[in-house]
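Asker: Quick one, what's the 3D model for this:
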Amino acid sequence: MKDVIQRIRQVEDEIAKGIIGQKEIIRQVLLGIFTGGNILLEGVPGLGKTQLVKTLSKVLDLSFSRIQFTPDLMPADVVGTNMFMEDNHGKGYFQYQQGPIFAHLVLADEINRATPKTQSAMLEAMQEMTVTVGNTTYELPKPFIVLATQNPIEMEGTYPLPEAQMDRFMFKTLVKFPTLDELSEIMDLTVEEHGSEPQKIMDGEDILQIRTYIRQVPVAKYVKEYALKLVVATHGNMAEAPDMTKKYLKYGAGPRAAQSILKAAKANALLEGRYNVSFDDIKYVALPCLRHRLLLNFEALADGIDADGFIAQLLQAIKA
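Answerer: Model prediction:
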């Protein structure tokens, strides 16, 4: 097990050669990859979101595909379609042509610029790891991970993602603007010559094996109950919900949120070199697991409460 932890840390170090700063983002993306969770990266354009995904594909030796979501992108442009072909005898037949979704690591760039119809084409792939065209279902390669980037919804030309699709992202991670020192290092890396490129550390088979190890990490009963209490407390009609939930939340998190918290907490424990999940692991992953699954009401907006602020108060209100 020490070898596994050492290799995961090598992955983090290798990614840092291509991505300056953003250590929190790198850790959360790796938690998603090692648990089979899709990740939604939100930030203004130009903060290195696409570069991060490209670097991951190199270090993890995964096939990589990029889909640029635009308002005129159609579902067939994502999942593929049946094409009419002719054989050597002039007889016509239909043959399925795979779309760019068939890759280990799929970058759905600016996913909220596409219409809801096209966004919905991703739902089956993200949850079932399959694509259905006509009457035939096709398996996607393993491991399969979607890393989507999203511009802030306030920006022009964006469509909000449907709640069903948001729920299929394990994490929503906010990519922040780099500090002055980090910005200086980025300039050195991109404007001047630099020596080392990120190298392969592991491959898809290693990732699948690590997922097996993570599932075996034990969770004490009272730690598991704490994670579940956090999710239940987001529903105002439940007896366990604090007053702030009844006041500010319209809809709470579903069962996928509880699954995401426990899986991510197990992975975080392993990355920290522990073979048990602590309360701090649950608290660490609760924010990125819950922030995109909560729907605040008008009263919360009027009082200046956002999802992050609500979750911070919830973590204080629900005692471990």
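
Asker: for the lowest-mean-pLDDT helix or strand in the chain, which positions count as buried?
Answerer: Within the chain, no helix or strand scores below helix 180-191, which has a mean of 71 by mean pLDDT, DSSP states H and E. Under the neighbour-count criterion of 16 or more other C-beta atoms under 10 Å, helix 180-191 has residue 186 buried. To be clear about C-beta, it is placed using only N, CA and C from the backbone, and glycine gets the same treatment.

Asker: now do stretch 269-288
Answerer: Neighbour counts over stretch 269-288 (16+ other C-beta under 10 Å) mark 269-271, 277-278, 281-288 as buried.

Asker: tell me which of these is nearest to residue 59?
Answerer: Of all those, residue 59 sits closest to residue 271, with 15.2 Å by C-beta to C-beta.

Asker: what number of residues lie near residue 55?
Answerer: By other C-beta atoms under 10 Å, the residues close to residue 55 number 20.

Asker: Return, as residue ranges, the portions of the chain with sub-threshold pLDDT.
Answerer: Along the chain, the parts satisfying pLDDT under 70 run over 20-21, 46-47, 152-157, 189-195.

Asker: quick one: furthest residue from the center of it?
Answerer: Residue farthest from the centre of the chain, counting by C-alpha atoms, centre = their mean, is residue 89 at 47.9 Å.

Asker: element containing that one, please.
Answerer: Using DSSP states H and E, residue 89 is not contained in any helix or strand.

Asker: List the residues that contact it.
Answerer: With contacts taken as C-beta atoms under 8 Å, 6 or more residues apart in numbering, residue 89 has no neighbouring residues.

Asker: and it, how far is that from residue 8?
Answerer: Look at residue 89 and residue 8: by C-beta to C-beta, to the nearest Å, they are 55 Å apart.

Asker: Pick the one among the buried residues of stretch 269-288 closest to residue 138.
Answerer: Nearest to residue 138 among those, with distances taken as C-beta to C-beta, is residue 288, at 30.6 Å.

Asker: Reformat the buried residues of stretch 269-288 as CSV; add distance to residue 242 and secondary structure.
Answerer: Formatted as CSV, those follow (distance: C-beta to C-beta, whole Å; DSSP: H, G, I helix; E, B strand; the rest coil):
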residue, distance to residue 242, secondary structure
269, 27, helix
270, 32, helix
271, 31, helix
277, 24, coil
278, 23, coil
281, 22, helix
282, 17, helix
283, 16, helix
284, 21, helix
285, 20, helix
286, 15, helix
287, 17, helix
288, 21, helix
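
Asker: Between the residues you listed, which sits nearest residue 30?
Answerer: For the buried residues of stretch 269-288, the nearest to residue 30 is residue 271 (7.2 Å; C-beta to C-beta).

Asker: My guess is the closest one contacts residue 29. True?
Answerer: No: taking contacts as C-beta atoms under 8 Å, residue 271 lies outside contact range of residue 29: 12.0 Å.

Asker: What segments of this protein are strands?
Answerer: According to DSSP state E, the chain carries its strands in the segments 38-42, 64-68, 80-86, 92-98, 105-109, 130-133, 136-139, 145-150, 169-174, 249-251, 295-296.

Asker: Is it possible to get CSV of those strands that adds distance to residue 241 and mean neighbour count?
Answerer: Output for these, formatted as CSV (distance: least, C-beta to C-beta, whole Å; neighbours: other C-beta atoms under 10 Å):
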stretch, distance to residue 241, mean neighbour count
strand 38-42, 26, 24
strand 64-68, 39, 17
strand 80-86, 44, 12
strand 92-98, 46, 11
strand 105-109, 34, 24
strand 130-133, 36, 16
strand 136-139, 40, 12
strand 145-150, 29, 25
strand 169-174, 22, 24
strand 249-251, 8, 17
strand 295-296, 15, 16
